[in-house]
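Pasted the sequence and its predicted model underneath.
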Amino acid sequence: KAGVTQTPRYLIKTRGQQVTLSCSPISGHRSVSWYQQTPGQGLQFLFEYFSETQRNKGNFPGRFSGRQFSNSRSEMNVSTLELGDSALYLCASSLRVNTEAFFGQGTRLTVV
Amino acid sequence: QKEVEQNSGPLSVPEGAIASLNCTYSDRGSQSFFWYRQYSGKSPELIMFIYSNGDKEDGRFTAQLNKASQYVSLLIRDSQPSDSATYLCAVTGARYSGGGADGLTFGKGTHLIIQP
């Protein structure tokens, strides 16, 4: 059974640009959540989608947004990038909201 | 503000011994508890989850939950050098003070070193 797939694995962007990250969940999983991991703040919850609806949202500015498609694949968008957005962005999938979550390999975003 | 607290370590344990990792959480409404292992440069890997008070065993791993004390722990028996990693405690089902449900809240992790 294929795991969670995130693309791209690495990104370098310039301050002010926007970026879109993609996540394909484990087959049959309908919940996708996104996390930001930095050395200082650790893993922080961004948002969670289930059946194309945002069910949970963390304390991040509106520049961070996401969506989920009918096939459960999800995208995350960050607009007007700031240097502080440099982080590992992790996607996790689960059968339902707030159940066991399995992570993808992550996208390493560097903002210069 | 909901918090999950872990001792950052490093926690050094001899090979073959029992490693004990601890986690406390602030919100009594928390319902589900998870332990993840993360190797340097890799993504977190789910190793245990527990929903009810008591112990849950899976191979060399035992998760323990005490909701009254708001405490969850992970025991690793017969520790191996390959167990050396950062262990993350995660909690969900609680609510932010600002309202609304939320996803997993992670502790900062405990760095475990198994000494051969």
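Noted; the coordinates are in hand. If you're wondering where the values come from, they're calculated on a predicted model, not measured in any experiment. Numbers count the residues shown, from 1 in each chain, chains lettered A, B, ... in the order given.

burial measure for residue 39, as a count.
Went with chain A since none was named. Using other CB atoms under 10 Å in any protein chain shown, A:P39 has 8 other residues around it. Any C-beta I mention is one placed from the backbone N, CA and C, and that applies to glycine too.

try chain B instead
B:Y39 has 12 nearby residues by other CB under 10 Å.

What parts of chain A come near chain B?
A:33, A:35, A:42-45, A:47-48, A:55-59, A:88, A:90, A:92, A:97-106 (CB under 8 Å from any CB of the partner chain).

Would you list the buried entries among those residues?
A:33, A:35, A:42-45, A:47-48, A:55-58, A:88, A:90, A:92, A:97-98, A:101-106 (16 or more other CB atoms under 10 Å in any protein chain shown).

Restricted to strands, list the residues you listed.
Among these, the members found in strands (DSSP state E) are A:33, A:35, A:42-45, A:47-48, A:55-57, A:88, A:90, A:92, A:102-103.

who touches the spatially most central residue of chain A in this structure?
By CA atoms, centre = their mean, chain A has its centre lying nearest to A:W34, at 3.4 Å. A:W34 is in contact with A:C23, A:F45, A:L46, A:F47, A:E48, A:G66, A:S74, A:M76, A:Y89, A:L90, A:C91, A:A92, counting by CB atoms under 8 Å, 6 or more residues apart in numbering or on different chains.

how about stretch B:54-63 against chain A, any contact?
No. Applying CB under 8 Å from any CB, one finds stretch B:54-63 separated from chain A by no less than 12.3 Å.

mind checking how far that stretch is from the chain centre?
Its chain's average C-alpha position is 12 Å from that of stretch B:54-63, according to CA atoms, centre = their mean, to the nearest Å.

Flag the shaky bits of chain B, pLDDT-wise.
B:1, B:93-102 (pLDDT under 70).

hang on, B:E45 packs against B:F34?
No. Look at B:E45 against B:F34 with CB atoms under 8 Å: they stay out of range, at 10.9 Å.

Counting neighbours, go ahead and name the busier of these two.
Between B:E45 and B:F34, counted using other CB under 10 Å, B:F34 has the larger neighbour count: 24 against 14.

residues contacting the closest residue to B:S32 other than its chain neighbours?
In this structure, B:S32 finds its nearest non-sequential neighbour in B:T92, 4.9 Å apart by CB to CB, 6 or more residues apart in numbering or on different chains. By CB under 8 Å, 6+ apart, the contact set of B:T92 is A:N98, B:S30, B:Q31, B:S32, B:F34, B:D102, B:G103, B:L104, B:T105.

and the least confident helix or strand in chain A by mean pLDDT, C-alpha only, in CSV?
Lowest by mean pLDDT, DSSP states H and E among the helices and strands of chain A is strand A:53-57, with a mean of 88. Backbone C-alpha positions of strand A:53-57 (Å, rounded to 0.1, in the frame of the first residue of the first chain) are rendered in CSV as follows:
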residue,chain,number,x,y,z
THR,A,53,-14.1,20.7,3.9
GLN,A,54,-11.7,22.4,6.3
ARG,A,55,-12.5,20.9,9.7
ASN,A,56,-9.7,22.3,11.9
LYS,A,57,-7.4,25.3,11.6
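
What distance do you get for the residue positioned nearest the centre of chain B to chain A?
Nearest to the centroid of the C-alpha atoms of chain B, with distances taken as CA atoms, centre = their mean, sits B:C89, at 3.0 Å. To chain A, B:C89 is 11 Å away according to CB to the nearest CB, to the nearest Å.

tell me the secondary structure for that residue?
strand (DSSP: H, G, I helix; E, B strand; the rest coil).
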